[in-house]
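# can't give you the sequence, but here's the structure:
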Ligand SMILES: Nc1ncnc2c1ncn2[C@@H]1O[C@H](COP(=O)(O)OP(=O)(O)OP(=O)(O)O)[C@@H](O)[C@H]1O
């Protein structure tokens with residue numbers, strides 16, 4: 001049992017020498033990664049670099065898949081996940097989806113509170129099909145946060161949204177994270193999203209950490225800040241897309 005001081009000072013995530021293979025293909029190669037309590041880390045990498053495999057390993061979702069490997073993973077007990085599709089149950093109303101597995105009047109109160117926080121006050125009785133894609137992702141965020149996670153694992157949660165909705169969701173996620181304080185690991189293909197949101201950006205390349213970059217800019221962040229552009233240039237370069245930043 002961890003003491004109070006240990007809980008305050010130990011990392012929220014500690015991955016040590018993690019290797020994952022699918023057959024002969026090494027997808028995560030002896031990976032070490034720590035995330036501090038409350039820290040927001042964005043995970044970038046080319047397609048197939050192992051981002052989702054890492055996230056699934058942290059979520060404990062790789063048991064029963066074809067993945068094999070070694071290494072240790074320490075994560076808190078309270079872990080929530082958000083994916084690209086909201087994964088709402090279509091036959092349950094919004095509040096039921098948020099509470100999923102929680103019951104009682106306290107939980108209901110908290111669910112309503114979080115729905116208001118994500119910008120959906122009064123929508124608790126709606127069906128998922130009555131909501132837009134962005135609204136469904138707001139419900140998915142509410143469902144994650146109502147459990148007060150110490151770690152939020154997000155796999156391209158805004159990947160299917162239009163550009164404008166995505167920008168609104170960035171502001172919302174930042175606000176929610178500041179209020180609720182979980183450590184976050186966000187898998188994204190969007191370099192700007194990573195720089196807008198993250199305290200630190202990690203770039204995976206062939207299952208190894210190629211870049212581990214603290215983003216030293218005050219929040220909220222402006223795309224027009226010259227230092228924002230420097231980070232973008234550096235990260236796009238690490239992803240092998242230099243021609244796009246001429
Ligand atoms: N269940 C599986 N069986 C076999 N190979 C797999 C499986 N899951 C992933 N892989 C392989 O592992 C590698 C890494 O996949 P992963 O999904 O982690 O990459 P990613 O960086 O998240 O990619 P993307 O950005 O395209 O989502 C890929 O080559 C993929 O084909």
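Yep, it's here. Computed from a prediction, not measured in an experiment: that's the story for all the values here.
# residues in the chain within reach of the ligand, list them.
Counting by Cβ under 6 Å from any ligand atom, the chain comes close to the ligand at 22, 27, 45, 47, 48, 49, 50, 51, 52, 53, 65, 66. For the C-beta atoms, the positions are set from N, CA and C on the backbone; glycine is no exception.
# List the buried residues of stretch 229-245.
By neighbour count on 16 or more other Cβ atoms under 10 Å, the buried set for stretch 229-245 is 231, 232, 234, 235, 236, 238, 239.
# Redo those as TSV? Include pLDDT and secondary structure.
Shown next, in TSV, are the buried residues of stretch 229-245 (pLDDT from 0 to 100; DSSP: H, G, I helix; E, B strand; the rest coil):
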residue	pLDDT	secondary structure
231	97	helix
232	96	helix
234	95	helix
235	97	helix
236	96	helix
238	94	helix
239	94	coil
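# and the residues of the chain next to the ligand, which of them are in helices?
51, 52, 53 (DSSP state H).
# Could you identify which of the residues you listed has the most neighbours?
Among these, the one with the most neighbours (other Cβ atoms under 10 Å) is residue 51, at 26 neighbours.
# Spit out the contact partners of that one.
Residue 51 makes contacts with 43, 44, 45, 155, 187, 204, as judged by Cβ atoms under 8 Å, 6 or more residues apart in numbering.
# got the phi/psi numbers for the residue nearest to it when sequence neighbours are not counted?
Spatial nearest neighbour of residue 51, chain neighbours left out: residue 187 (4.5 Å); criterion: Cβ to Cβ, 6 or more residues apart in numbering. Phi and psi for residue 187, reported as degrees, to the nearest 10, are phi -90, psi 130.
# picking up where we left off before, let me have the residues of the chain next to the ligand in JSON lines, extended by pLDDT.
Output for the residues of the chain next to the ligand, formatted as JSON lines (pLDDT from 0 to 100):
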{"residue": "22", "pLDDT": "91"}
{"residue": "27", "pLDDT": "95"}
{"residue": "45", "pLDDT": "96"}
{"residue": "47", "pLDDT": "93"}
{"residue": "48", "pLDDT": "92"}
{"residue": "49", "pLDDT": "94"}
{"residue": "50", "pLDDT": "94"}
{"residue": "51", "pLDDT": "95"}
{"residue": "52", "pLDDT": "93"}
{"residue": "53", "pLDDT": "94"}
{"residue": "65", "pLDDT": "71"}
{"residue": "66", "pLDDT": "72"}
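# Any of these buried? List them.
Neighbour counting with 16+ other Cβ under 10 Å marks 27, 45, 49, 50, 51, 52, 53 as buried within the residues of the chain next to the ligand.
# which stretches of this protein have low pLDDT?
Across the chain, the ranges flagged by pLDDT under 70 are 1-8, 64, 242-246.
# Okay, residue 22 and residue 130: tell me how far apart.
Distance from residue 22 to residue 130, counting by Cβ to Cβ, to the nearest Å: 40 Å.
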